[in-house]
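**Q** curious how this folds, go ahead:
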Amino acid sequence: MNEQFREMFVEEAGEQIAEFEAAVLRLEHAAGDADAIDVLFRLAHSLKGSSSMMGFADISGFAHLLESLLERVRSGAGAATGEVIGTLLASGDVLRALVRHVEAGLDAAPDPGDLPSVAARIEALLGAAAATPQPARAPAGPGAVELPTRRASDREEATVIRVSVDKVDRLVDLVGELVTAQSMLAESAGDDAPEVLAKVREAVARMDRHVRELHHSVLAVRMVSVRTLFARFPRFVRDLVEGLGKQAALELAGEDTELDKSVIEKIGDPLLHLVRNAIDHGLERPEGRRAAGKPEIGRLRLEASQRGGSVYIEVSDDGRGLDRERILRRGRALGLVAEGEEPSDEDVFALIFRPGFSTAETISEISGRGVGMDVVKRNVEALGGSLSTWSEPGRGTRFRVQLPLTLALLEGQLLQVGDQVYILPIVAITESVRPAPDSVHALDRGAEVIVVRRETLPLIRLARLFGVPGASEDPTAGLVVLVEHEGRRSALLVDGLLGQQQVVIKSLETHFRRVDAIAGASILGDGRVALILDVAGLIARARRPGDRDAARDGAPGALVSL
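**A** Model (predicted):
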């Protein structure tokens with residue numbers, strides 16, 4: 001079979017199944033929604049036709065059976081009862097499994113899995129007597145999930161990027177400009193006349209602009225809306241709250257926000273865990289919400305937005321909130337918080353991301369073993385992002401994930417530290433100043449602070465932290481770069497600033513290993529390798545006394561330079 005046709009079928013079938021599932025969830029809350037029924041029938045019919053043309057008999061045969069059930073509902077001979085809705089959702093799962101089999105390139109008949117049982121359920125419904133028509137909107141019961149309307153482009157996973165014609169045309173134009181500039185440069189390079197140097201410089205500058213634009217345009221091709229990511233949550237929430245006997249109204253916002261495809265693929269599982277945690281631990285049962293004076297249906301919101309060079313995704317609920325005292329007691333019991341220490345709310349809530357940490361008294365299939373939240377944080381940080389938490393008793397909890405727009409490109413400030421060059425993301429910089437005499441003060445255990453316009457900030461000497469020789473020890477001889485992350489500010493002591501430039505990010509983990517406080521590396525114009533600083537990691541590391549001691553004493557483990 002032609003692989004190109006197979007890929008096209010898998011892509012289109014995946015979109016159709018995602019839209020089918022979304023339409024079923026619409027029908028669940030509006031049993032008389034003729035538009036939803038028509039959409040379902042059309043999708044089943046289209047899938048039957050395309051799979052039959054491709055020779056996938058298992059898919060076409062099941063789609064035909066499904067089409068018969070939908071025709072019964074559309075004609076009014078059957079109603080969209082709870083049993084019908086459940087069967088339709090199970091049918092979507094069967095179709096998705098069959099398409100995955102096709103995607104794997106297997107021509108043999110697949111393992112039938114749930115296909116026989118779901119097919120038997122459809123046949124039983126077809127043979128049953130016509131049910132009594134249901135009201136236009138079914139009353140919300142356990143497991144209710146309200147939906148904003150889904151679109152045909154929704155998918156569980158974005159395996160293929162569809163690019164608009166405008167973006168492709170722009171790429172073609174830029175390539176044409178580059179070819180012209182290269183021709184001009186080649187012609188000028190062959191002329192030895194002195195006045196030709198100006199032409200060469202002009203051609204190089206033109207090529208530099210075009211290459212930068214081309215790079216941005218290529219990255220734009222990889223940008224997809226988070227709608228492809230959010231599409232999986234309505235079904236996921238519905239099944240989860242139904243199993244827990246809860247009710248939830250899911251709100252999706254900011255679905256047009258764009259993010260690099262590679263980031264979307266890797267952030268899906270952490271977000272699923274945050275949503276699961278919000279439903280299992282955050283939202284109360286209907287009777288508990290009534291007692292608290294809340295609506296029986298809990299509110300769960302998933303929202304994306306872009307600010308500067310970052311995308312923020314928030315998972316919030318209006319449940320019971322995090323139990324600060326309970327978390328603190330557990331932290332003390334595990335030795336994570338010293339007796340007598342009174343940490344801030346931020347530090348207390350951060351304990352839930354420690355490996356093995358759990359306050360659950362019982363273990364269920366969903367949670368209770370203290371495994372998961374630490375993985376969420378680690379996966380977010382592996383993407384160059386960060387995770388913060390806000391919670392208020394009785395009012396709910398909000399998790400905010402900050403992610404870079406892309407993992408490939410960065411606007412950076414080059415820093416001179418001894419004989420090394422480091423790159424600092426420009427978005428994290430607030431200002432740079434030269435330290436005034438007597439503005440740096442030493443604290444206990446190697447910590448230092450600097451006073452800048454009456455504000456006292458932790459001082460991080462990059463040369464000591466990374467074990468770089470040759471750097472100045474006198475703060476007034478260098479520069480302090482003030483950085484901010486999640487409301488926390490710190491000061492980085494460097495020898496000087498070298499300029500700003502756009503750099504290509506290379507992962508250290510691919511060829512080396514993950515390094516604390518380092519986000520990656522890049523190759524400079526002169527061929528040298530420069531490490532890219534992770535501001536969140538730097539600020540966190542400066543707060544750990546052990547790391548400050550190691551850096552102060554010049555421990556070998558502190559050496560990170562190339």
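
**Q** against Ile426, how distant is the closest residue to Ser522 other than its chain neighbours?
**A** Computed as CB to CB, 6 or more residues apart in numbering, the closest residue to Ser522 that is not its neighbour in sequence is Val503, at 3.9 Å. The C-beta positions use only the backbone N, C-alpha and C, and glycine is treated the same way. Distance from Val503 to Ile426, counting by CB to CB, to the nearest Å: 11 Å.

**Q** mind listing the shared neighbours of the two?
**A** Common contacts of Val503 and Ile426 (CB atoms under 8 Å, 6 or more residues apart in numbering): Gly412.

**Q** Thr87 reaches Ala120, doesn't it?
**A** No: assessed by CB atoms under 8 Å, Thr87 is found out of contact with Ala120, at 10.1 Å.

**Q** the two: which is more packed in?
**A** Using other CB atoms under 10 Å as the criterion, Thr87 and Ala120 rank with Thr87 on top: 19 against 10.

**Q** is that one in a helix, a strand, or coil?
**A** helix (DSSP: H, G, I helix; E, B strand; the rest coil).

**Q** sorry, back to before: what about the host helix or strand of the residue nearest to Ser522, average pLDDT?
**A** Here Val503, judged by DSSP states H and E, is contained in strand 496-504. Mean pLDDT, strand 496-504: 84.

**Q** next, the buried residues of stretch 372-384.
**A** Gly372, Met373, Val376, Lys377, Asn379, Val380, Glu381, Leu383, Gly384 (16 or more other CB atoms under 10 Å).

**Q** in helices only, show me the residues you listed.
**A** Here DSSP state H is the test, and these give Met373, Val376, Lys377, Asn379, Val380, Glu381 as lying in helices.

**Q** quick check: closest non-adjacent residue to the last one.
**A** If you skip the residues right next to it in sequence, Glu381 has Ala536 as its closest partner in space, 7.3 Å away by CB to CB, 6+ apart.

**Q** with the second one instead?
**A** Counting by CB to CB, 6+ apart, Val376 lies nearest to Pro270, which is 4.4 Å off, once chain neighbours are set aside.

**Q** got the contact list for that neighbour?
**A** Here Pro270 is in contact with Val375, Val376, Asn379, Val380, Val401 (CB under 8 Å, 6+ apart).

**Q** next secondary structure after the helix or strand where Leu197 lies?
**A** Using DSSP H and E, Leu197 falls within helix 196-221. Using DSSP H and E, the helix or strand that follows helix 196-221 towards the C-terminus is strand 223-225.

**Q** so Ile423 is in contact with Leu414, correct?
**A** Yes: Ile423 is within contact range of Leu414, at 6.0 Å (criterion: CB under 8 Å).

**Q** which of those two has more residues huddled nearby?
**A** Ile423 (25 against 19).

**Q** so is that one in a helix, a strand, or just coil?
**A** Per three-state DSSP, Ile423 ends up strand.

**Q** looking at strand pairing, list the partners for it.
**A** Taking DSSP bridges, one obtains Leu414, Ile532 as the residues bridged to Ile423.

**Q** distance-wise, check it relative to Val449.
**A** 25 Å.

**Q** quickly find the element holding Glu11.
**A** helix 3-29.

**Q** name the helices or strands packed onto that helix?
**A** Helices and strands touching helix 3-29, by 3 or more CB pairs under 8 Å, 6 or more residues apart in numbering; DSSP states H and E, are helix 34-54, helix 82-103, helix 233-244.

**Q** buried set for the shortest one?
**A** Same thing as helix 233-244. For helix 233-244, using 16+ other CB under 10 Å, the buried residues are Phe233, Pro234, Arg235, Phe236, Val237, Arg238, Leu240, Val241, Glu242, Leu244.

**Q** just checking: what are the partner strands of the very next helix or strand once past that helix?
**A** Under the assignment DSSP H and E, the closest C-terminal helix or strand after helix 233-244 is strand 248-253. Paired neighbours of strand 248-253 in the sheet (DSSP bridges): strand 298-307 (parallel).

**Q** can you list contacts of the strand it pairs with?
**A** Contacts for strand 298-307 (CB under 8 Å, 6+ apart): 226, 230, 233, 237, 246-255, 257-259, 271, 275, 278-279, 282-284, 289, 311-319, 396, 405.

**Q** what subset of those is buried?
**A** Here, 16+ other CB under 10 Å leaves 226, 230, 233, 237, 246-250, 252, 254-255, 257-259, 271, 275, 278-279, 282-284, 289, 311-319, 396, 405 buried among the contacts of strand 298-307.

**Q** show me the residues you listed that map onto helices.
**A** Phe230, Phe233, Val237, Leu271, Val275, Arg289.

**Q** save those as a markdown table, and put in pLDDT too.
**A** Output for these, formatted as a markdown table (pLDDT from 0 to 100):
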| residue | pLDDT |
| --- | --- |
| Phe230 | 90 |
| Phe233 | 89 |
| Val237 | 90 |
| Leu271 | 91 |
| Val275 | 92 |
| Arg289 | 92 |
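
**Q** for the residues you listed, which one is nearest Gly32?
**A** Val237 (23.5 Å; CB to CB).

**Q** surely the closest one and Val275 touch.
**A** Yes: between Val237 and Val275 there is a contact at 6.7 Å, judged by CB under 8 Å.

**Q** what's next to the helix or strand hosting Glu346, contact-wise?
**A** Element membership of Glu346, judged by DSSP H and E, is helix 345-350. If you take CB under 8 Å, 6+ apart as the criterion, helix 345-350 is touched by Leu322, Arg324, Ile327, Leu328, Gly331, Val337, Ser388, Thr389, Ser391.

**Q** so what's the fourth one up against?
**A** Meaning Leu328. Val337, Pro343, Val348, Leu351 are the contacts of Leu328 under CB under 8 Å, 6+ apart.

**Q** could you look up the SS state of it?
**A** Strictly by three-state DSSP, Leu328 counts as helix.

**Q** how close does it sit to Gly356?
**A** Leu328 is 17 Å from Gly356, by CB to CB.

**Q** for the last one, same thing?
**A** For Ser391, the distance to Gly356 (CB to CB) stands at 21 Å.

**Q** which one of the two is surrounded by more residues?
**A** For Ser391 versus Gly356, neighbours defined as other CB under 10 Å are more numerous around Ser391 (23 against 9).

**Q** fine, thanks again, bye for now.
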